[in-house]
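Visitor: A structural model of the following input is requested.
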Amino acid sequence: MRILIVEDNEDSRIMLQTVLLSSGFEVDVVADGVEALKLLRETSVEMVVTDILMPEMDGYQLCREMKKDLHLKHIPVIFYTATYTDREDEKLAMAVGAARFVVKPVEAEEMLCIIDEVSKEEVNAQTSVLLQSGISDRDVVELYASRVGKKLSKKLNENIGLNDQNKEMAKQLKAMEELASTDPLTQLLNRRGFYEQAKHERARSMRTGTGFAIVLIDIDFFKDINDQFGHACGDFALRAVAEKIRDAVRAQDIAARWSGDEFILLLPETDLKGAQHVAEKFRQALLASSCSFEGHSFTLTASLGISVFQPSVSINECVKWADQALYMSKRGGRNQVSVFQG
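Guide: Predicted coordinates:
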């Protein structure tokens with residue numbers, strides 16, 4: 001399970017982070033609600049543990065904002081705070097949607113029990129909703145797939161047994177998971193799907209001692225294509241880039257659409273030289289191709305940045321390094337490959 005800690009006090013943050021990491025959780029940490037919302041919208045988090053009094057945005061406001069967001073509202077929030085004057089604090093936390101209100105200090109074992117209880121409550125609640133709803137709306141499908149699809153599959157297998165009806169539901173859940181991880185335009189992974197696979201690759205790399213490389217790709221002057229030829233042409237260009245990426249990578253490589261006109265690759269068991277070869281192969285293939293859409297002909301180029309994973313850093317840090325290298329390519333005139341020099 002991936003848990004986000006929102007805490008501006010460094011000592012409290014480190015203490016809770018240590019407890020959770022030692023118990024096998026994946027942990028992200030930020031210092032206030034603004035940072036938390038940004039991270040929540042970029043990554044796949046399954047639970048939030050937040051303080052109340054913080055700069056920029058406090059815990060109450062963070063919880064309110066999450067509950068207003070379709071893709072965040074089902075993430076359980078635990079308030080973990082020393083701010084407790086009377087029962088009104090707890091009542092307010094429950095009113096904005098908190099799952100628990102925990103007053104510091106608390107023993108590590110008790111905190112872990114609370115997290116386990118909240119996690120089980122979430123699965124049970126979502127199971128009940130899913131079984132009763134006959135889901136068809138795409139947004140709801142994506143939500144359940146990303147948050148509880150895997151848990152529901154496990155729960156059905158363990159608690160009910162795979163009769164024909166449940167086999168069909170398991171198939172639906174698998175389809176929902178795939179839907180939530182795929183960019184509908186390019187059919188590559190989306191950011192959520194990338195992080196899910198990158199997490200496993202990082203764990204494998206740490207276990208085996210083999211490395212991997214990250215490549216960030218940005219289409220040069222993509223805004224000009226949209227402005228001159230329209231967004232339909234821009235979508236066509238994105239699909240064309242995605243096809244060139246598929247041609248350049250191996251079956252075991254991870255390719256995803258990172259943002260509007262950015263793509264990302266994770267190349268398992270690949271050193272810097274190997275990553276440069278893949279990046280340059282893609283860059284040259286894209287440059288050599290010509291795009292034609294409804295009478296408009298144009299050539300695409302791309303700027304690329306490469307970083308190589310190190311065991312001491314997170315996936316996010318490795319992506320930041322690649323982004324810095326990408327910036328070097330842009331600053332150097334675009335249509336080139338740059339390498340992060342740490």
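Visitor: need the helices for the stretch 201-342 of the chain, in chain order.
Guide: Under the criterion DSSP state H, counting those that start in this stretch, the stretch 201-342 of the chain contains helices at 222-229, 231-248, 272-288, 315-331.
Visitor: Out of those helices, which is closest to residue 45?
Guide: helix 315-331 (12.6 Å; CB to CB). Heads up, the C-betas are built off the backbone N, CA and C, glycines and all.
Visitor: how near is the spatially most central residue of the chain to residue 315?
Guide: Computing the C-alpha centroid of the chain and ranking residues by CA atoms, centre = their mean puts residue 43 first, at 2.6 Å. Separation of residue 43 from residue 315 (CB to CB, to the nearest Å): 9 Å.
Visitor: Overlap of the contact sets of these two?
Guide: With contacts taken as CB atoms under 8 Å, 6 or more residues apart in numbering, the residues that reach both residue 43 and residue 315 are residue 195.
Visitor: for the protein, what spans make up the strands?
Guide: Here the chain has its strands, by DSSP state E, at 2-6, 26-30, 47-50, 77-81, 100-103, 212-219, 254-257, 262-268, 291-293, 296-298, 302-308, 337-339.
Visitor: Of those, which is nearest residue 184?
Guide: Nearest to residue 184, of all these, is strand 254-257, at 9.7 Å by CB to CB.
Visitor: what's stretch 188-207 in contact with?
Guide: Outside stretch 188-207, the residues that touch it by CB under 8 Å, 6+ apart are 26, 42-44, 146, 180-183, 210-212, 242, 245, 254-259, 263-264, 266, 268, 309, 311, 314-315.
Visitor: Ok, stretch 39-50 next?
Guide: With contact meaning CB under 8 Å, 6+ apart, stretch 39-50 is reached by 1-7, 16, 28, 30, 33, 36, 59, 62-63, 66, 69, 71-72, 75-80, 115, 118-119, 122, 146-147, 191-192, 195-196.
Visitor: Can you tell me which of these are buried?
Guide: Buried members of the contacts of stretch 39-50, counted by 16 or more other CB atoms under 10 Å: 3-7, 16, 28, 30, 33, 36, 59, 62-63, 66, 71-72, 75-80, 115, 118-119, 122, 146-147, 191-192, 195-196.
Visitor: in terms of contact, does residue 97 touch residue 68 like I think?
Guide: No. The pair residue 97 / residue 68 is not scored as a contact, 9.6 Å apart, by CB atoms under 8 Å.
Visitor: Neighbour count: the two, which is higher?
Guide: Per other CB atoms under 10 Å, whichever of residue 97 and residue 68 has more neighbours is residue 97, with 16 against 10.
Visitor: where's that one relative to residue 44, distance?
Guide: Distance from residue 97 to residue 44, by CB to CB: 20 Å.
Visitor: which of the contacts of stretch 188-207 count as buried?
Guide: Neighbour-count burial (16+ other CB under 10 Å) applied to these gives 26, 43-44, 146, 180-183, 211-212, 242, 245, 254-258, 263-264, 266, 268, 309, 315.
Visitor: quick one: residue 1 from residue 78, how far?
Guide: Distance of residue 1 to residue 78, computed by CB to CB: 13 Å.
Visitor: quick one: the helices in the stretch 1-150 of the chain?
Guide: So, for the stretch 1-150 of the chain - with DSSP H, counting those that start in this stretch - the helices run 10-22, 33-42, 59-68, 87-95, 108-133, 138-159.
Visitor: Pick out the shakiest of these, pLDDT-wise.
Guide: Lowest mean pLDDT within those: helix 138-159, a mean of 47.
Visitor: Sort out which residues of stretch 289-302 are buried, please.
Guide: For stretch 289-302, burial by neighbour count (16+ other CB under 10 Å) applies to 291, 293, 300, 302.
Visitor: which residues are contacting stretch 237-244?
Guide: Stretch 237-244 has contacts (CB under 8 Å, 6+ apart) with 185-188, 217, 219, 222, 225, 255, 257, 261, 263, 282, 285-286, 289, 291, 293, 298, 300, 302.
Visitor: Can you point out the buried residues in it?
Guide: Neighbour-count burial for stretch 237-244 flags 237, 238, 240, 241, 242, 243, 244 (criterion: 16+ other CB under 10 Å).
Visitor: Check stretch 268-286 too.
Guide: Applying 16+ other CB under 10 Å to stretch 268-286 flags 268, 270, 275, 276, 278, 279, 282, 283, 286 as buried.
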